[in-house]
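Visitor: Next comes the sequence, and after it the predicted model I'd like to discuss.
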Amino acid sequence: MSILILQGDYLQNFFDWVGQSAGVMVFISGFVALCSLLYERKRRGSFTKRKLEEEKTFGVTTFLKVFSFLGCVVGLLDVWAGAWGLIRNVPPSFRYADVVGYEANHFTCIFLIVIGIAMFFKPINDLPISSILGLLAGTASTFILASLMPEGWEEPIGEWINPKLLLIIVFIIVTAIVAVTAKFYIGVLQWISKILSWPPIAFIIMVFCFAQGIALWGFGVSIPNLL
């Protein structure tokens, strides 16, 4: 069943829709910012203070796991929508295309890419992002390698090594390299995400996302263009 879905147009249509719906993604990002605001406000015990002598600690509950997964997914879709708009010069909404013209709103695209990266690397305790990236890279590499191999490749390779063992080795090597490499660079991105999740900044981002999403879809304009 999953193979039939992958072979169909469902995924392509979905990602095409995301690429043409930057305004919707901005609005959805506002809800993620709201969740981040509520979580950080509860964890810190304060809305304005950036550093507290004692911060409340929470275990990784089911809610936090779902929230973290949601943030990662929305973050990736934000980056996709922003990049798609810049590359293909796609307007963020149908209303925007009617009012301004069939062209991308560069501010919205760049905003989505930045906020998407920040959401993806939002630091949540005990969630090893670098390991997750390593697993994704290892899985993708193994799948691509198996897909590109010509038919009957198992026989000649089998004279040297078990084909299944080869794929396992490739998976382990790629996963380890990506996980170790990502760990060095993720720190900076998590630091930026931590700043953006500070309640006052998260509140500003939330309000702007909601307002920008409504402006793009309801009125066909971008707020920065009106200032």
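Guide: The structure has been received and is ready for your questions.
Visitor: quick one: buried residues of whatever helix or strand residue 75 lives in?
Guide: Assessed by DSSP states H and E, residue 75 sits inside helix 62-88. Across helix 62-88, burial judged by 16 or more other CB atoms under 10 Å covers 64, 67-68, 71-72, 74-75, 77-82, 84-86. C-beta coordinates here come from the backbone N, C-alpha and C atoms, glycine included.
Visitor: Any idea which of the residues you listed the model trusts least?
Guide: Lowest in pLDDT among these is residue 64, which has 60.
Visitor: hmm, back to that, so which elements touch the helix holding residue 75?
Guide: Judged by 3 or more CB pairs under 8 Å, 6 or more residues apart in numbering; DSSP states H and E, helix 62-88 is in contact with helix 10-19, helix 22-44, helix 106-120.
Visitor: Which one, of those helices, ends up nearest to residue 144?
Guide: Counting by CB to CB, residue 144 lies closest to helix 10-19 out of the helices and strands packed on helix 62-88; the figure is 16.2 Å.
Visitor: mean confidence score for the closest one?
Guide: Per-residue scores along helix 10-19 average to 78.
Visitor: again with stretch 89-109
Guide: Per-residue scores along stretch 89-109 average to 90.
Visitor: What are the buried residues along stretch 94-102?
Guide: 95-96, 100.
Visitor: Out of those residues, list just those in helices.
Guide: 95-96 (DSSP state H).
Visitor: okay if I get the buried residues of stretch 94-102 as JSON lines plus distance to residue 226?
Guide: Formatted as JSON lines, the buried residues of stretch 94-102 follow (distance: CB to CB, whole Å):
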{"residue": "95", "distance to residue 226": "15"}
{"residue": "96", "distance to residue 226": "13"}
{"residue": "100", "distance to residue 226": "12"}
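Visitor: Residue 121: which of the buried residues of stretch 94-102 is nearest?
Guide: So of the buried residues of stretch 94-102, ranked by how close each gets to residue 121 (CB to CB), first place is residue 96, at 29.0 Å.
Visitor: I'd assumed residue 102 was in contact with that closest one.
Guide: No. Look at residue 96 against residue 102 with CB atoms under 8 Å: they stay out of range, at 9.1 Å.
Visitor: out of the helices and strands packed on helix 62-88, which comes closest to residue 197?
Guide: It's helix 22-44; of the helices and strands packed on helix 62-88, that one is closest to residue 197 (CB to CB) at 4.9 Å.
Visitor: now the closest one: mean pLDDT?
Guide: Mean predicted confidence for helix 22-44 is 83.
Visitor: which strands and helices sit next to that helix?
Guide: helix 62-88, helix 106-120, helix 199-214.
Visitor: Tell me which of the ones you listed sits nearest to residue 140.
Guide: helix 62-88 (13.6 Å).
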